[in-house]
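K.L.:
Generate coordinates for the sequence data below:
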Amino acid sequence: MNYRIGVPSSSSHHTGRSWVMHSAQSGSTSQAFQGHWSALPPSPLSQIPNTPVLHPVSLPHPNATSHQSHMSYQHSSTSHSSFIVLHSLLSYGPNLRFNVTRDLAHVQLRPGCPSTMLQELAVQPPVSHMIITIPELPAWVIEVVNPRGVTVNNVLAVIRETLNQSVTSHEMQRSSRAVNAAIESSRARSRADPREHAQGVKRVDFLGPKVFFTGLARARDGSDSWEIHFAQNV
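P.N.:
Numbers count the residues shown, from 1 in each chain. Below you'll find the predicted structure:
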């Protein structure tokens with residue numbers, strides 16, 4: 001999979017749209033539609049007497065700019081909304097290459113994704129608060145806050161900040177197997193950087209080799225929180 005560091009695009013037009021619907025319970029993709037829409041031809045039923053006539057509706061041109069073109073729909077079981085729209089850069093894909101041990105300056109976007117997408121809203125409708133849980137590390141929660149609306153960049157920045165905190169002695173009170181594996185990951189990660197080595201074991205070290213962000217999914221418990229997922233490579 002080829003990636004590049006995102007640079008502002010010279011064109012604001014998009015060649016198509018893609019919608020993906022995710023189940024609130026499993027996070028799995030159930031349907032996907034991609035391509036251009038066009039008006040359907042008149043139905044033969046319109047020739048039958050007393051049959052209601054369906055008038056054609058003009059649809060947007062496929063190349064028209066849309067603020068929703070970078071979103072994927074994920075079902076919400078909450079009473080206040082039936083759907084919430086997650087930005088495609090944060091959806092399971094991945095559409096970016098983000099090693100959570102490295103600074104955000106090293107984030108790479110897939111070709112065709114302008115860097116300005118990082119400043120777009122993380123979800124629609126906009127929210128000022130997002131809770132993200134880590135299935136592999138349930139003791140730590142990622143909390144993203146922006147009164148003006150949480151952006152994609154906000155989410156990535158707080159993910160990195162949360163996971164790169166040094167682990168306290170109290171937090172090291174885990175199974176010896178998990179602690180020993182984290183210590184080994186810390187040594188491998190900081191071997192070439194004395195400053196990193198001096199900071200000791202970090203939360204990210206409990207992920208082992210799975211340090212690449214692969215996307216968010218709605219929490220399986222039906223709450224308004226999100227689950228974050230990682231892989232060894234993307």
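
K.L.:
use CA for all of it now, contacts and neighbours both
P.N.:
OK.

K.L.:
residues making contact with the longest helix seen in the chain?
P.N.:
Counting residues, the longest helix found in the chain (DSSP state H) is helix 176-190. Here helix 176-190 makes contact (Cα atoms under 8 Å, 6 or more residues apart in numbering) with 172, 196-197, 200-202, 205-209.

K.L.:
Next SSE downstream of that helix?
P.N.:
Moving toward the C-terminus from helix 176-190, the next helix or strand (DSSP states H and E) is helix 194-198.

K.L.:
circling back: among the contacts of helix 176-190, which are in helices?
P.N.:
Members of those lying in helices (criterion: DSSP H): 196-197.

K.L.:
Show me just the buried residues among the contacts of helix 176-190.
P.N.:
Listed as buried from the contacts of helix 176-190 are 200-202, 205-209; burial here means 16 or more other Cα atoms under 10 Å.

K.L.:
buried sites along stretch 119-138?
P.N.:
Quick answer for stretch 119-138 (16+ other Cα under 10 Å): 120-124, 126-127, 130-134.

K.L.:
Dump the residues you listed to TSV, plus pLDDT and distance to residue 103.
P.N.:
Output for the buried residues of stretch 119-138, formatted as TSV (pLDDT from 0 to 100; distance: Cα to Cα, whole Å):
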residue	pLDDT	distance to residue 103
120	97	19
121	98	21
122	98	19
123	96	23
124	95	27
126	96	26
127	96	25
130	97	21
131	97	22
132	98	20
133	96	21
134	95	20
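
K.L.:
so of those, which ones are in strands?
P.N.:
123-124, 130-133 (DSSP state E).

K.L.:
Closest to residue 142 out of these?
P.N.:
Comparing those against residue 142 with Cα to Cα places residue 132 closest, at 4.9 Å.

K.L.:
Good, wrapping up.
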